[in-house]
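here is a sequence with its predicted model. Questions after.
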Amino acid sequence: MLINFPFPLIDTCSAVLESFLSKALSHSPLQTKPTATSIFNAKKEPKISIAEYVARFRKFADCSEPCYISALIYLDRLIQCTPYEITLFNVHRLYLAAMVLSIKFNEDRYYDNEYYAALGGVDSDELKALEAEMIHLLDFKLFISHSKFRNYLTAMERYYRHCLLDCRRPSDSESDSSGDCRRGMSCAANLLIYKLLY
């Protein structure tokens, strides 16, 4: 189904992940180092930013925009229902697994795992393991009701208009001029985690 979104949805998805990650790091400096062993943890911090990673999906995944929202909802569910926290070391693999599950669940046609593995920077066996781990952690609950999807979409539009646009407006504040918008970070945390859908 074709949906005309009244805001740049994929850019907003990137901003949500980046802002939440920045907020999480500001509260937990230990996240700058690998912690507990996890299939999602990289051995070292990936050189590509999460925004650049999302941009690769936009360019090469050839999927509908609702898949990007569904992937964020899966991450939301994962963090609320499990001990997982998003860090510099796991955000890319978590996002990769969430996006591939979202695409396979929502799209009639999609590429094989080798394609998505190459897109995500892992081998096909690793992607298969990431998918299996995430779907088990989500208790195989990939369906998203229309009302929850619309609620999330509304929240993302609100985040874009009242957080991202506010960050981009000229300001005399040194923190705003450097792009560090505290209000935007707070909005992102509320959007990605806690109390939006549940």
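Perfect, I can see it now.

which elements pack onto the helix or strand hosting Leu72?
In the assignment (DSSP states H and E), Leu72 maps to helix 66-81. Using 3 or more Cβ pairs under 8 Å, 6 or more residues apart in numbering; DSSP states H and E, the elements in contact with helix 66-81 are helix 9-27, helix 91-106, helix 124-137, helix 146-159, helix 182-192. Bear in mind the C-beta positions are built from the backbone N, C-alpha and C, glycine included.

quick one, which of the ones you listed is nearest to Pro46?
Evaluated over those, closeness to Pro46 peaks at helix 91-106, with 5.2 Å, by Cβ to Cβ.

then the helix holding Leu72 to CSV, C-alphas only?
Provided in CSV are the C-alpha atoms of helix 66-81 (Å, rounded to 0.1, in the frame of the first residue of the first chain):
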residue,chain,number,x,y,z
PRO,A,66,6.4,1.4,6.4
CYS,A,67,9.1,-1.2,6.8
TYR,A,68,11.3,1.4,8.5
ILE,A,69,8.6,2.2,11.0
SER,A,70,8.0,-1.5,11.7
ALA,A,71,11.7,-2.0,12.3
LEU,A,72,11.7,0.7,15.0
ILE,A,73,8.7,-0.8,16.6
TYR,A,74,10.5,-4.2,16.8
LEU,A,75,13.4,-2.5,18.4
ASP,A,76,11.0,-0.8,20.8
ARG,A,77,9.4,-4.2,21.8
LEU,A,78,12.8,-5.8,22.1
ILE,A,79,14.1,-3.2,24.6
GLN,A,80,10.9,-3.2,26.6
CYS,A,81,10.6,-7.0,26.9
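
offset the numbering so it begins at 11, please.
Got it, the first residue is 11 from now on, which makes the last one we talked about helix 76-91.

what's the angle from it to helix 134-147?
60 degrees (axes from the mean of the first three to the mean of the last three Cα atoms, to 10 degrees).

and helix 76-91, average pLDDT?
Average pLDDT, helix 76-91: 90.

ditto for stretch 29-37
Here the average pLDDT along stretch 29-37 is 70.

what does stretch 99-117 give?
Taken as a whole, stretch 99-117 has a mean pLDDT of 96.

got the CA coordinates for that stretch in PDB?
Only the C-alpha atoms of stretch 99-117 are listed here, as PDB (Å, rounded to 0.1, in the frame of the first residue of the first chain):
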ATOM      1  CA  PHE A  99      28.400  -2.000  19.400                       C
ATOM      2  CA  ASN A 100      25.000  -3.600  18.800                       C
ATOM      3  CA  VAL A 101      22.900  -0.900  17.100                       C
ATOM      4  CA  HIS A 102      23.800  -1.900  13.600                       C
ATOM      5  CA  ARG A 103      23.200  -5.600  14.000                       C
ATOM      6  CA  LEU A 104      20.000  -5.000  15.900                       C
ATOM      7  CA  TYR A 105      18.800  -2.700  13.200                       C
ATOM      8  CA  LEU A 106      19.800  -5.100  10.400                       C
ATOM      9  CA  ALA A 107      17.800  -7.900  12.000                       C
ATOM     10  CA  ALA A 108      14.800  -5.700  12.600                       C
ATOM     11  CA  MET A 109      14.800  -4.400   9.100                       C
ATOM     12  CA  VAL A 110      15.100  -7.800   7.500                       C
ATOM     13  CA  LEU A 111      12.300  -9.200   9.600                       C
ATOM     14  CA  SER A 112      10.200  -6.200   8.800                       C
ATOM     15  CA  ILE A 113      10.800  -6.500   5.100                       C
ATOM     16  CA  LYS A 114      10.100 -10.300   5.000                       C
ATOM     17  CA  PHE A 115       6.900  -9.900   7.100                       C
ATOM     18  CA  ASN A 116       5.500  -6.900   5.200                       C
ATOM     19  CA  GLU A 117       6.700  -7.200   1.600                       C
END
